[in-house]
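In: sequence? don't have it. structure:
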């Protein structure tokens, strides 16, 4: 085995505030701290991160002692470049939404994820390792044909998830919060239905705040129609994508974080909720049971009555609420980079002869 002193990363898009982008930057820092050379290469870099990456054309010619790590989250033509190079290849897989969950509402997005899922099989035959940021993701890599897999959660600094002054305001109704792109697989429509039941049975002044950019306009239009049909226009708020200060305010002002996604490969926002002392209620789908663990209430169904009852129980059983918040704080601490970075290095050392340069 050739000693490896360089591990360069390739990522289709590098953006601030994006889970994959943040993970890519953190991986680079961990690799460098281990004494390896590491740069990020991408042809789609946000201006704020222009000094953090180099164009793909600048990727060095293949040479001994180098390996490549691909951050995979969407179909992209860069895969053709990777398949044609001889270096050892590692794929870090952040999951691709099943095509069927997107096709009706976002056909362009469905095409890209379908393309990406097809590329996984090609990457499997070329890769020495597939890394999933959850066991759920790792199982998809195995199904795609990867002969060796590992689980390494998204690298996070938990302190960065904590926002200042998380003091809940005294107001007449409970405030529900969900943070995530407005897309069908995140099932914001189910949150609206659950809120309607909660207002009818438990708390007529309750509100729901759906924070996240509109990534599927057809779905968002239908979602707004549902809100109007249920008479919830003043109770459900869609502020879109927000800046850091506004996000801080949303976490500070919420009473409960509710996630009813049908598909999540990891879901950083549930950890962000835990870091800000918000009790979490989540539907036990895809990777959510792994991420939430004992740090929230996991539900086997999204039936609006069941979701509403869970939120009501947290609102009225204060010892339970305190216990859930405490377990959440312990859970999110287990994902700190100080604990997960060694998992990354062990996974790489299992397939590469790492030879630090310093």
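Out: Nice, I can see it. Keep in mind the model is a prediction, meaning the values are calculated, not measured.
In: would you map the strands across the chain?
Out: For the chain, the strands defined by DSSP state E occupy 3-4, 6-10, 40-41, 66-72, 89-93, 129-132, 149-151, 175-179, 207-211, 236-240, 256-259, 280-283, 297-299, 353-354.
In: among these, which is nearest residue 328?
Out: The closest approach between residue 328 and any of the strands of the chain, judged by C-beta to C-beta, belongs to strand 280-283 at 6.1 Å. Every C-beta, even on glycine, is put in place using the N, C-alpha and C of the backbone.
In: so how far is the closest one off the chain centroid?
Out: Per C-alpha atoms, centre = their mean, to the nearest Å, the displacement of strand 280-283 from the mean C-alpha position of its chain is 15 Å.
In: which elements pack onto that strand?
Out: Contact here means 3 or more C-beta pairs under 8 Å, 6 or more residues apart in numbering; DSSP states H and E; on that basis strand 280-283 packs against strand 256-259, helix 268-275, helix 288-292, strand 297-299, helix 304-316.
In: let me know which of those is the nearest to residue 68.
Out: helix 268-275 (25.2 Å).
In: name the helices or strands packed onto that closest one?
Out: helix 158-161, strand 175-179, strand 256-259, strand 280-283, helix 288-292, helix 318-333.
In: dump the ones you listed to CSV, plus mean pLDDT and distance to residue 96.
Out: As requested, the helices and strands packed on helix 268-275 are arranged in CSV below (pLDDT from 0 to 100; distance: least, C-beta to C-beta, whole Å):
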stretch, mean pLDDT, distance to residue 96
helix 158-161, 91, 25
strand 175-179, 97, 21
strand 256-259, 98, 19
strand 280-283, 98, 20
helix 288-292, 97, 17
helix 318-333, 97, 25
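In: rebuild the ones you listed as TSV, extending it with distance to residue 50 and mean neighbour count.
Out: Shown next, in TSV, are those (distance: least, C-beta to C-beta, whole Å; neighbours: other C-beta atoms under 10 Å):
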stretch	distance to residue 50	mean neighbour count
helix 158-161	21	14
strand 175-179	27	23
strand 256-259	33	26
strand 280-283	36	26
helix 288-292	32	23
helix 318-333	31	16
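In: these into a markdown table, with extra columns for distance to residue 6?
Out: Below are those laid out as a markdown table (distance: least, C-beta to C-beta, whole Å):
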| stretch | distance to residue 6 |
| --- | --- |
| helix 158-161 | 28 |
| strand 175-179 | 36 |
| strand 256-259 | 39 |
| strand 280-283 | 40 |
| helix 288-292 | 32 |
| helix 318-333 | 33 |
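In: closest to residue 224 out of those?
Out: Shortest separation from residue 224 across the helices and strands packed on helix 268-275 is recorded for strand 175-179, at 15.7 Å, computed as C-beta to C-beta.
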